[in-house]
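In: sequence below, structure please.
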Amino acid sequence: MITFGFSAFLKVLSLNDKPQRSEITKRLGPSSSSGYDFHKSLRSHARRYLVGGEPMTDVIASAGRIVRLPERQSAALALQRLERWRAATPGDVLYFAPVVFESPRHLFKVKFEPDFGFRIGGKATAIHLWNTKYPKLAPGMTYAALSLVARAFEIRESAPEDVGVLSIREPPTAYLLSEVSDRSRIAALIVEQVEGIIQGTTPPPPPPEDRPAA
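Out: Predicted structure coming up:
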């Protein structure tokens with residue numbers, strides 16, 4: 001069974017058809033792996049700032065010791081954008097445990113690990129950070145993926161009231177599931193599409209208006 005981290009799943013959904021199929025097929029190989037997590041250090045430093053309450057100057061100084069130059073530069077810029085977002089978005093920081101969505105035919109899983117919880121508009125919200133440069137995040141697919149996460153959270157006693165993605169590209173943008181209409185139908189089509197690719201079939205794609213632009 002394929003297990004996607006949430007950013008990896010969003011990346012797959014934000015790709016066009018051909019590269020999407022290639023990305024999923026690549027994960028089916030016997031020697032496939034999730035590979036190096038380019039944003040792992042960023043997430044760790046972001047939690048130290050948001051959850052641990054460390055001063056951003058200390059966090060950025062620590063990020064300056066990341067060995068790989070592209071990763072170090074990406075993390076530093078993202079942390080600066082995150083600091084600006086936090087300054088403009090007051091609220092209580094919360095904690096939520098990870099949750100896993102499993103597809104109906106048990107062909108893949110999606111692990112949603114909140115980078116932090118936040119009270120937005122009075123709602124306790126589980127937030128995942130996104131800082132991937134390419135592909136560009138597809139909002140329609142993002143909301144559909146979040147609806148799968150919300151479904152997985154339904155069986156939890158301490159479930160958040162909302163789920164969202166905070167893109168810390170420029171400009172930082174929050175995508176909250178509560179801000180859009182029901183996405184369950186599109187989410188079901190997406191799940192069918194991914195399962196179909198895994199099984200080597202071709203189910204109907206999600207509606208064109210909700211797919212990434214070419």
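In: for F9, what are its contacts?
Out: Neighbour list for F9: 110, 145 [criterion: C-beta atoms under 8 Å, 6 or more residues apart in numbering]. For the C-beta atoms, the positions are set from N, CA and C on the backbone; glycine is no exception.
In: next, count neighbours for G53.
Out: 8 (other C-beta atoms under 10 Å).
In: oh, that last question was meant for S22, not what I typed.
Out: S22, neighbours per other C-beta under 10 Å, totals 11.
In: ok, now P55?
Out: Around P55 there are 10 residues (other C-beta under 10 Å).
In: list the helices and strands the longest helix belonging to the chain packs on?
Out: Of all segments of type helix in the chain, defined using DSSP state H, the longest is helix 69-88. With contacts taken as 3 or more C-beta pairs under 8 Å, 6 or more residues apart in numbering; DSSP states H and E, helix 69-88 sits against helix 40-50, helix 56-63.
In: give me the residues contacting the last one.
Out: The reference is to helix 56-63. So helix 56-63 is in contact with 41-42, 45, 48-49, 72, 75-76, 79-80, 83, going by C-beta under 8 Å, 6+ apart.
In: ok, the residue lying closest to Q80 once chain neighbours are set aside to A126 distance?
Out: Among residues not flanking Q80 along the chain, I60 sits closest, at 7.4 Å (C-beta to C-beta, 6 or more residues apart in numbering). Using C-beta to C-beta, to the nearest Å, I60 is found at 25 Å from A126.
In: of those two, who's got more company?
Out: Between I60 and A126, A126 has the larger neighbour count (other C-beta under 10 Å), namely 28 against 16.
In: pull out the buried residues from the helix or strand of the chain with the lowest mean pLDDT.
Out: Sorted by mean pLDDT, DSSP states H and E, the helices and strands of the chain end with helix 17-26, the least confident at a mean of 90. For helix 17-26, a neighbour-count test (16 or more other C-beta atoms under 10 Å) marks 20-21, 24 as buried.
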